[in-house]
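Student: Give me the fold of what follows.
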Amino acid sequence: MIPPKSKELEREDKRSYWQRFVEFIHPGPDSREELLDALSDAEDNQVIGAESRLMLEGVLRMADLTAGAVMVAAPRMDLINLDAPLEDSLHQVIDTGHSRFPVFEGARDNLVGILLAKDLLKLQRSPSLNIRTLLRPPVFIPESKALNDLLREFRNTRNHIALVIDEFGRIAGLITIEDVLEQIVGDIEDEFDSQEDVGDIFTLADETYRVSGDAALDRVAEAFDTVLEFNNAEESGETNFDTIGGFIAHAMGHVPRRGEFYEINKLRFEVLHTRGGAIKWFKVYPAPLEKSTV
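Tutor: Coordinates of the predicted model:
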C-alpha cells in the first residue's frame, strides 16, 4: 500500500509544478548577459527602478572582482610613522581626513598596526598614553581574495580595513569596506560632495571656484580663459594629461595633500580634498600678489 502524501509534500509538489510551468512560458536567463538584459527589461517595464538596477548589476560585477583590483596601491597609502612627533601625526590625520591609518615603524613596509583617528582623543584625557598603545592589529588578505568574501568578513568581524599582500608577501595596498560597497552603490559621498554637485566647476559665495580634480584640462582652461600646459618638453615628459588633477600632480612631482597649492598663469589651485591617492577637489582663485620688499 502506497502511503498518502503529506500536505507539506503536496504544497512542495504544487509549487515546483508552478515554477516549471512559469519557466516553460518565460524561460529564465541562462547566462550573465541574459540576466543583465532581463534587468534592463525590468527597468524599462518599471518593475525595478534605475538605482535598483545599477545596484544589482554592481553585485554581479563585484562577484568577479578581487581585492587587488579595487585596493589603494601601496605608494598611494597615507601612513603614519610611529616614531613621528604626535603633533605631526595629528596634522596628518586632520589634513587627509581619513578615519583609519596603517602605522609603520622604521620602514614603510613594516606595518605594525591600524590607528583609528577617534582613538587619538584618548591622548587628550590620558597624556601618558602613546600611539603604540592605541594600535589595533592589522588584518592581512591576499590580492586574490574575492570581494564578496571580503565583504562578508568585514561584516562578521566588524573590521573596516585590510592590508593587501601580493604573492611575494609584500604590502601591495589597502582596501576598506567603503571601497567594496562602492562597487555596488557607486561613489559614497562625503562632506565635499552633495546632491547638487552635478558637474565639475562651481562658483563659491566668496567669488572663488571649486573645481573637481577629474575636470577635463581643456574645460578648466576654457572656464578660466587661460592656457594650461608645461613650459617645455622636459617638464612635461612623454605624458599627456586629460584632467586638471593629473596635470597638477605631475607638475608638483607628487600628489599634493590638502592645503598645498600650485600656481600657474596668476591662478592658484589649492587642494581641498584628496581620496585614494587622487585629488578630488581644488579651490581656485587669483594668486596673491607678491609683496614688495622695498
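
Student: Now do the helices for the stretch 1-150 of the chain: every range, in order, please.
Tutor: 7-25, 32-44, 50-62, 67-70, 86-96, 121-125, 131-134, 147-157 (DSSP state H, counting those that start in this stretch).

Student: quick one: buried residues of the third one?
Tutor: Across helix 50-62, burial judged by 16 or more other Cβ atoms under 10 Å covers Arg53, Leu54, Leu56, Gly58, Met62. (Glycine included, C-beta is placed from N, CA and C.)

Student: could I get the helices of the stretch 1-150 of the chain as a markdown table with distance to Leu217 and mean pLDDT?
Tutor: A markdown table is the format used below for the helices of the stretch 1-150 of the chain (distance: least, Cβ to Cβ, whole Å; pLDDT from 0 to 100):
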| stretch | distance to Leu217 | mean pLDDT |
| --- | --- | --- |
| helix 7-25 | 53 | 51 |
| helix 32-44 | 34 | 73 |
| helix 50-62 | 29 | 75 |
| helix 67-70 | 27 | 88 |
| helix 86-96 | 25 | 81 |
| helix 121-125 | 41 | 79 |
| helix 131-134 | 40 | 88 |
| helix 147-157 | 33 | 90 |
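
Student: From the centroid of the protein, which residue is nearest?
Tutor: Nearest to the geometric centre of the chain sits Asp179, at 5.0 Å (Cα atoms, centre = their mean).

Student: What is the burial count for the nearest residue in space to that residue that is not next to it in sequence?
Tutor: Computed as Cβ to Cβ, 6 or more residues apart in numbering, the closest residue to Asp179 that is not its neighbour in sequence is Val70, at 5.2 Å. Applying other Cβ atoms under 10 Å, we find 18 residues neighbouring Val70.

Student: before we move on, what about Asp218?
Tutor: When counting by other Cβ under 10 Å, one arrives at 11 neighbours for Asp218.

Student: Assign a three-state SS to it, would you?
Tutor: Here Asp218 is recorded as helix under DSSP: H, G, I helix; E, B strand; the rest coil.

Student: The closest residue to Lys118 other than its chain neighbours and Ile264, how far apart?
Tutor: Leaving aside its chain neighbours, Lys118 sits nearest to Ser99 (7.2 Å; criterion: Cβ to Cβ, 6+ apart). Counting by Cβ to Cβ, to the nearest Å, the gap from Ser99 to Ile264 is 33 Å.

Student: Repeat that for Pro256.
Tutor: 13 Å.

Student: one step back: which one of the helices of the stretch 1-150 of the chain lies closest to Val227?
Tutor: Of all these, it is helix 86-96 that lies closest to Val227, at 30.6 Å by Cβ to Cβ.
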